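> Coordinates for the following, if possible.
(chains A and B)
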Amino acid sequence: MQIKPILSALRRHKAGTFLIAMQIALTLAIVCNALFIIQQRLVHLSEPTGLDEPNIFVVQNEWVGQATAEQVDAKMREDISVLRALPSVQDATPSNSYPLRGGGWDDGIKLKPEQLQDTSGAAIYFGDDHFIDTLGIKLIAGRNFRSEEITSMNVRDRLSPPVVIVTKALADKLFPNGDAVGKTIYLVGGPTTIIGVVELLQSQSVDRWAAGFAYRSVIVPKRLAISLGGWYVVRARPGQLDAAMRAAPKALFEHNPRRVINDEDGIQSFSQVRSRAYERDRGMAILMGVICVVLLAITAAGIVGLTSFWVGQRRKQIGVRRALGATRQDILHYFMTENFLISCGGVVVGILLAVAINLWLVTRFEMHRLSLVYVLVGVVILLLLGQGAVLAPAMRASRVPPVEATRSV
Amino acid sequence: MFSYYLDLALRSLRRNRVLTALMVLAIALGIGASMTTLTVLHVLSGDPLPGTSDTLFYPQIDPRDMDGYEPNKEPPRQVTWTDGQNLMRAKRGDRQALMTGGAVPVQPAQSGMEPFYSDARYTTADFFPMFKVPFLYGHGWSAADDESKARVVVITRTLNDKLFGGKDSTGQTLRMKDLAFQVIGVLDTWRPNPHFYDVYMGNYAASEDVFVPLSASRDAHFDHNGSTDCWGTGGGDPEHAETSPCVWLQFWVQLDSAAKVASYKEFLVHYSQEQKSLGRFERPANVRLPGLMEWLDINKVVPGDVRLQTWLAFGFLLVCLVNTIGLMLAKFLRRAGELGVRRALGASKREVFAQLLVESGVIGLAGGIGGLVLAFIGLWLVRLQPSNYASLAHLDLKMLLITFLLAIGSTLLAGLLPAWRACQITPALQLKSQ
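Numbering: from 1, shown residues only, chains lettered A, B, ... in the order given. As a prediction, this is how the structure comes out:
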């Protein structure tokens, strides 16, 4: 295929050539970045919590009426034994929060009391000796709490438990040698000893502000008595989640009616928790996907439109070429190559534009650097799209009969 | 002349239906997407209190210890109880209010109605006049009520409808957490947007249903919601929140002139230095006094995703426009013969140009109408989303007008290059080749 005649023909259609190339460049730049955003969101929303999610649900219990911290703790203990006694329930634990809730207690951890800056941030979970079993997380070193280690914590107390269990992510950050069990760390309220390490437990929020301590969690052997109420995390027996979710509020109200469990979100299965926590990310990914598809469709339609026009304009020249011996294949290749050359020009500009847009997004929207894979994927998509779009008009051009050369219009 | 051009334009558009449809669709999609996102952005970044917001300020002071100190780092975004009370007592602003959020169990008197939790705001007397809160019945409480921890309550219209069937409930009793509060006021519909006075309750949350004097809420052991940030030996202990080193209250001040703003800032510096010499503060004086709109910026109230979507939509519109320019160029140049004849028959370049612009204007108008329909659909889809600002996404008159101007303006702009290129043709050459 001779490229020179194509280039000289394009030189006579500067505006059209420039517009198609521009459109391809812009589309490439937007599609690359959109694909990259989609991938980032998908990675984010498939991060594991570490929990036995299919069998877990959470109850938000709010008390009605005045009560002392001691009374609240007693009511909470009764509730937990009511829940554990249900046949469809495997285990239950009171807690201040759970992963993906969106917020909760977080604190700074220090290795020495005189340190000015924290060694790491950490999510603080309150739980009893059933916490690990209820959540279905895995203890990989040390031991669980003993039931006599669980105490009640009034919100008036300082956070200074004698022992804690930490996640592997936090243990690795604090003690990179892997010997965290038995070591002393400093919470805001004072020193404490690590007695166990669990494999995985995500922190309460997956928002950006909590990204610095995403999997660094501390489990404190305490029931936190808040007069407002708190959460019960419940693990149903396998396959009995629905039954347990129906039985739990009924049993709780039968035991003590002076409470509020919100109809709307008082009881949520963990899959509901998960979809709520990530609904924004999922929405964004879907929107980006739709925009990509529509954008590609419009660009393809634009290429078809403009090439069709060029074919119509050059019918006579095509006829002359055919009369002079060019085959249908030659004509087809001519238009395909022409589009390929324009696309290549557009793609080169598009790559630069994509990187520029990404750099700008990094400064304004806390995004990551665009990986070149996405640029390459975008380039391949657009080159194929261009070739696909040009195929129909090019076929039509190849069917122009040689006799066209003799017609005057 | 215009009607003749219009007739020509319509004829020409009818001749190439697919191409016309493609151009109109591209414009409509671009306009629809950008108007949907722009409307959401416009709604979210609006002024919650038009006309009043520029006199409202949010003082920030730094009461923390030296732990984690870095010079000129932003002070905490809330105040401690002690500082809040001191600033209230100083009365250096034209008005000031100290507040925090919470939730209270409401125990309806009617049998058959279960107790439920309502979001509550614990605040001081100036809250209502300072934020221009409209009353349906009754009024707010006085500074004396704050002083005496009076068990009075102001409720919203929604709660009044729910509990008292919409009747004037002032003088009635509302039981919350086993305690009786007297209703003294019912608010008319009020939803400042964003929920500027406490950004820890959800940026676009609806206003709370229950308003109680801060002093009475402490007395009644009402529970606090929102952010509590402690340092040193502080714990988030609500029983001793008055003395603990924690910030958990918002303090707003109204300052009616620039001179007062400057002198208030000076006052905050003096206050910090005084507290430092008393040994309460450890850090050097570090104060800020952002205005309301500035405060919303600092808190990045508008979600980043919404801004990102707006940029994306305008990028999309740009591609659609480039697409339309290309197609229009093709179309106009294809009619070189026809235009050549018109030029030869005496039409000036100007007239041909005007004719082509009318044609692109028609496409812009059709695209604008299509875009408007798509924007309505888009906003309806946004409202179906569960996020807390979703219900606010409505097209107002201003955005409607912008939509149309954007559609026609951008298409005319897009028509400029093709129309200009098309009138450059030499009539003689076109006629000769026929």
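
> mind giving me the domain split of chain B?
Domain assignment for chain B, taken from automatic domain parsing, gives B:2-45+B:303-433, B:53-298.

> looking at those domains, which is closest to A:Gln39?
Checking those against A:Gln39 by Cβ to Cβ gives domain B:2-45+B:303-433 as the closest, at 15.1 Å. Yep, even glycine has a C-beta here, placed from its N, CA and C like the rest.

> what mean pLDDT does the closest one have?
Averaging pLDDT along domain B:2-45+B:303-433 gives 83.

> is that domain up against chain A anywhere?
Yes - in terms of Cβ under 8 Å from any Cβ of the partner chain, part of domain B:2-45+B:303-433 sits within range of chain A, namely B:19, B:22, B:26, B:29, B:33, B:303-305, B:307-309, B:312-313, B:315-316, B:318-320, B:322-323, B:325-327, B:329-331, B:333-334, B:385-387, B:417, B:421.

> Which among the residues you listed count as buried?
B:19, B:22, B:26, B:29, B:33, B:303, B:305, B:307-309, B:312-313, B:315-316, B:318-320, B:322-323, B:325-327, B:329-331, B:333-334, B:387, B:417, B:421 (16 or more other Cβ atoms under 10 Å in any protein chain shown).

> I'd like the domains of chain B laid out as TSV, including distance to A:Ile357.
Putting the domains of chain B into TSV (distance: least, Cβ to Cβ, whole Å) gives the following:
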stretch	distance to A:Ile357
domain B:2-45+B:303-433	8
domain B:53-298	24
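
> Can you give me the neighbour number for A:Gln313?
16 (other Cβ atoms under 10 Å in any protein chain shown).

> wait, isn't it in contact with B:Arg335?
No - between A:Gln313 and B:Arg335 there is no contact under Cβ atoms under 8 Å: 11.3 Å.

> Among the domains of chain B, which comes closest to A:Lys222?
domain B:53-298 (12.3 Å).

> what separates the longest helix seen in chain A from the chain centre, distance-wise?
Secondary structure of chain A per DSSP state H: the longest helix is helix A:328-365. Taking Cα atoms, centre = their mean, to the nearest Å, one finds the center of helix A:328-365 at 29 Å from the center of the full chain.

> Up against chain B, what does the stretch 251-400 of chain A have?
Residues of the stretch 251-400 of chain A lying near chain B (Cβ under 8 Å from any Cβ): A:258, A:260, A:262, A:276, A:279-280, A:283-284, A:287-288, A:291, A:294-295, A:298-299, A:301-302, A:305-306, A:309-310, A:312-313, A:361, A:364-366.

> In helices, which of those fall?
Counting by DSSP H, the part of those found in helices is A:276, A:279-280, A:283-284, A:287-288, A:291, A:294-295, A:298-299, A:301-302, A:305-306, A:309-310, A:312-313, A:361, A:364-365.

> Quick check on these: which are buried?
A:280, A:283-284, A:287-288, A:291, A:294-295, A:298-299, A:301-302, A:305-306, A:309-310, A:313, A:361.

> before we move on, the earlier item: and after the longest helix of chain A, which helix or strand comes next?
Heading C-terminal from helix A:328-365, the first helix or strand you meet, by DSSP states H and E, is helix A:372-398.

> does residue 117 count as helix, strand or coil?
Defaulting to chain A. Recorded secondary structure, A:Gln117: coil (DSSP: H, G, I helix; E, B strand; the rest coil).

> The intended chain is chain B.
With three-state DSSP as the basis, B:Tyr117 sits in strand.

> A:Arg11 and B:Leu163: what is the separation?
Noted for A:Arg11: a distance of 79 Å to B:Leu163, by Cβ to Cβ, to the nearest Å.

> more crowded one of these two?
Ranked by neighbour count (other Cβ under 10 Å), A:Arg11 and B:Leu163 place B:Leu163 first, with 21 against 9.

> Quick check: that one touching B:Pro115?
No - with contact defined as Cβ under 8 Å, B:Leu163 does not reach B:Pro115; the gap is 11.7 Å.

> any idea where the strands of chain B begin and end?
Using DSSP state E, the strands found in chain B span residues B:56-57, B:95-107, B:116-123, B:135-138, B:152-155, B:173-176, B:179-187, B:210-213, B:223-225, B:229-230, B:246-247, B:250-254.

> tell me how far the first one is from the chain's mean position?
Computed by Cα atoms, centre = their mean, the separation of strand B:56-57 from the middle of its chain amounts to 17 Å.

> What is the neighbour count of the closest residue to B:Ala206 other than its chain neighbours?
Spatial nearest neighbour of B:Ala206, chain neighbours left out: B:Arg191 (5.7 Å); criterion: Cβ to Cβ, 6 or more residues apart in numbering or on different chains. For B:Arg191, the tally of surrounding residues (other Cβ under 10 Å) stands at 13.

> Which single residue of the stretch 1-150 of chain A ends up nearest chain B?
A:Leu19 (3.9 Å; Cβ to the nearest Cβ).
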